[in-house]
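S.K.: Sharing a model prediction with you, sequence too.
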Amino acid sequence: MSTVNLQGLLKAQAYLTTFLPTDIASGMDPREWMPALFRLWSMVTRSSEIDRNFLSLFARVACDNIAVKDMFTQAQVRTIFSTGLNVLNLPVGKGQRAKTVDPENGTNRLIGRNDVSNILGVDRTLYS
């Protein structure tokens, strides 16, 4: 399958994420096909639709096999969590700022850590 054809890739991914058995009790262990899907996922970057579909699939795998130990490798968990944070568009890391709506005039403005501390009533001198 070529990743150059985005429509074909989206259609193939939709079939895979819909029809792949995610429960070990179905007779097919998801750990057998997950590495191939993670490789496919790594070839397509910056596609929020593909990210959401794969996150949904792997969430279903996790829910269906909640009692199974070591369902995902550490690298797979890192990929899932970092993609999840990117999809949520959360500010992560030092110096990142989030946009918020100023309730007084309804305009967008950037907030930093000091603003969050003030909102939460945290005394920053305790942590300096």
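M.R.: Yes, it's here. Numbering: from 1, shown residues only.
S.K.: Could you point out the helix or strand that follows the longest helix seen in the chain?
M.R.: In the chain, ranked by residue count with DSSP state H as the criterion, the top helix is helix 48-64. Helices and strands here follow DSSP states H and E; after helix 48-64, the next one along the chain is helix 74-88.
S.K.: Would you map out the domains in this protein?
M.R.: Using automatic domain parsing, the domains assigned to the chain come out as 6-88, 93-128.
S.K.: would you put the C-alpha positions of the longest helix of the chain in PDB?
M.R.: This file holds the C-alpha atoms of helix 48-64, laid out as PDB (Å, rounded to 0.1, in the frame of the first residue of the first chain):
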ATOM      1  CA  SER A  48      -5.200  14.500  12.900                       C
ATOM      2  CA  GLU A  49      -7.800  12.200  11.300                       C
ATOM      3  CA  ILE A  50      -5.400   9.300  11.100                       C
ATOM      4  CA  ASP A  51      -4.100  10.000  14.700                       C
ATOM      5  CA  ARG A  52      -7.600  10.000  16.100                       C
ATOM      6  CA  ASN A  53      -8.500   6.800  14.300                       C
ATOM      7  CA  PHE A  54      -5.400   5.000  15.600                       C
ATOM      8  CA  LEU A  55      -5.900   6.400  19.100                       C
ATOM      9  CA  SER A  56      -9.400   5.100  19.000                       C
ATOM     10  CA  LEU A  57      -8.300   1.600  17.900                       C
ATOM     11  CA  PHE A  58      -5.600   1.300  20.500                       C
ATOM     12  CA  ALA A  59      -7.900   2.600  23.200                       C
ATOM     13  CA  ARG A  60     -10.300  -0.200  22.200                       C
ATOM     14  CA  VAL A  61      -7.400  -2.700  22.400                       C
ATOM     15  CA  ALA A  62      -6.600  -1.500  25.900                       C
ATOM     16  CA  CYS A  63     -10.200  -1.600  27.100                       C
ATOM     17  CA  ASP A  64     -10.800  -5.100  25.600                       C
END
